[in-house]
Structures are given as C-alpha cells and as structure tokens.
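# Here is the input, now give the coordinates:
(one chain, ligands or ions: 1)
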Amino acid sequence: MTTRPTPPKRTLFWRGVSRACPVCGKRRLTRRVVELADECPRCGLVFERAPGHFVGAVGMSTIFTFGLILISLLLGIWVLWPDVQFLSLALAPLAIATFVPLLVHPTAKTLWASIDLMMNPLEPGEALGGYSDEPSAP
Ligand SMILES: [Zn+2]
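Down below sits the predicted model:
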C-alpha cells in the first residue's frame, strides 16, 4: 500500500492555522461558516483520524476563548475603574463567549489535525486522493 509523505512541520502548522488541509493545502473546507468537512475533497484525508480526535481542538478553542475573556475583563476593569459596573463589564465577555468559539472552531480543528500529523505521520493508505480539484472519473 502506498504512503503519501507527511509535509514538514512548518508547512503543517501554517496550513492548520490558515484553515487549510494539512496534507495538500486545499482551502475552503468548511460547510456553512463554522462546520469543517469530514474529509478533504482533494486528498481524501479524514480529519477525525480516530474517535474523540477533536477533543484537543475543543481544548484549544476553549483556552483561546477564555484567554480573550480574561483579556477583555482586565481591559474592562482598567477602562471603567473606579466606577466598575457588572453589566458594562460583562458585555464584551458575553459576546466573546457567544461568537468566538463558533468562529474559531474550524481553525482549531485544522490546527489540531496538523498537530496530530506532526506527532503521528500519515499511515499507509491514508490521504491518497488525487491532487486535482477535478472530480475523479467513475
Ligand atoms: Zn487535503
């Protein structure tokens, strides 16, 4: 069975951060705005390589969101000091907690798939689709 070479780590990282397939670099992998496709339409890489694979992506998305919430709280306290009121302080964190996970999650998934490929390179028979965007002949 054939094995496709795993791209270098720098390439994997950049493709993961830029929401592209870590193996072939194909972009526009999302259905609607926030849902990542199950597999790459170009190379056939199944993004969820094992059950529970995306727990790491959820963790990264959560850490990023909580980091932004913490920063917004600290900035809010700094800006509103000494008249800090709960409602005015809570507006930005509530907006961040509502929208940031939705927008960040596909990127967290492709980045997590890239990190996973850095640790566990492609196995024989994985991601062996063609490099073309053209649909393959039946
Ligand atoms: Zn691909």
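
# Next, the buried residues of the lengthiest helix in the chain.
If you go by DSSP state H, the chain has its longest helix at helix 86-119. For helix 86-119, burial by neighbour count (16 or more other CB atoms under 10 Å) applies to 89, 92-93, 96, 100-101, 104-117. Any C-beta I mention is one placed from the backbone N, CA and C, and that applies to glycine too.

# repeat for stretch 60-78
Applying 16+ other CB under 10 Å to stretch 60-78 flags 60, 61, 64, 65, 68, 69, 72, 76 as buried.

# And the contacts of the least confident helix or strand in the chain by mean pLDDT?
Taking mean pLDDT, DSSP states H and E as the measure, the helix or strand of the chain with the lowest value is strand 30-31, at a mean of 84. With contacts defined as CB atoms under 8 Å, 6 or more residues apart in numbering, strand 30-31 is touched by 19, 36, 37, 106.

# just the angle between the host helix or strand of residue 77 and helix 86-119, please?
Secondary structure assignment for residue 77, by DSSP states H and E: helix 55-80. Angle, helix 55-80 to helix 86-119, by axes from the mean of the first three to the mean of the last three CA atoms, to 10 degrees: 150 degrees.
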